[in-house]
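J.: give me a model of this one.
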Amino acid sequence: MAKEFLSIEPAHSEFIERQKIFFTASAAGSSHVNISPRSTDALRILGPNQVCYLDLTGSGNETAAHLKAGGQATIMFCAFDGPPMILRLYGRGRAVSRGHQSYSRLLREAFNSVEPLGARQIVVLDIELVKTSCGYAVPLFGYERERVSLDNWAQNKGEAGLEDYRREKNVVSMDGLPTGIFDRE
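T.: The predicted structure follows:
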């Protein structure tokens, strides 16, 4: 049932484009494994072996810390409607913080220069392996809409408040690993 691929194939891209949510898992060394859900509105396929997603400010910054420490990340998609399937993208990457030239370029090229309030970085994953599996046990769910809670929170914080929050909550991981969020290119 499971199949492995060296890159994202056209059928995989089509599957990814139909999904509304993905999950990012990451770890480095003996760190805790972190798993976070994200909206596929923020994800872009950059090529057959590279994806990125626009990462919004949150209470932690584990993925950035794990990638900076040379760790690995996996992005997983599940079909919650339609034919069952699970698709995983395995790789290594980096978090590109706001203010970096690479961030501006990626924002322009992948997101048409549209930066949502609360954006803190763009996570780029270099894909080493693509794996599909049946997804037969994944329950069926219906999509209702995106939540506005994070947008409202970010708007209430304002840019200065978001910057302060990132300095307080996003500089090191829960395991004490540096995230590099304020490193400059």
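J.: who does the biggest strand by length in the chain pair up with?
T.: Ranked by residue count and defined by DSSP state E, the top strand of the chain is strand 119-133. Sheet pairing of strand 119-133 (DSSP bridges) gives strand 3-5 (antiparallel), strand 50-56 (antiparallel), strand 86-97 (antiparallel).
J.: select, out of those strands, the one closest to residue 110.
T.: Smallest distance to residue 110 across the strands paired with strand 119-133 (C-beta to C-beta): 6.0 Å, for strand 50-56. In this view, the C-beta of every residue, glycine as well, is placed from N, C-alpha and C.
J.: so how far is the closest one off the chain centroid?
T.: Here strand 50-56 shows a centroid-to-chain-centroid distance of 5 Å under the convention C-alpha atoms, centre = their mean, to the nearest Å.
J.: what does it rub up against?
T.: Strand 50-56 has contacts (C-beta atoms under 8 Å, 6 or more residues apart in numbering) with 8, 22, 24, 38, 42-46, 63-64, 75, 89, 95, 106-107, 110-111, 115-116, 118-127, 150, 154.
J.: so what pLDDT did the residue nearest the centre of the chain get?
T.: Most central in the chain under C-alpha atoms, centre = their mean is residue 53, positioned 4.7 Å from the mean C-alpha point. Residue 53 carries a pLDDT value of 98.
J.: what of residue 164?
T.: Note for residue 164: predicted pLDDT of 96.
J.: for the residue lying closest to residue 27 once chain neighbours are set aside, what are its contacts?
T.: Spatial nearest neighbour of residue 27, chain neighbours left out: residue 33 (4.4 Å); criterion: C-beta to C-beta, 6 or more residues apart in numbering. Residues counted as contacts of residue 33 (C-beta under 8 Å, 6+ apart) are 25-27.
J.: can you tell me which of these has the most neighbours?
T.: residue 26 (27 neighbours; other C-beta atoms under 10 Å).
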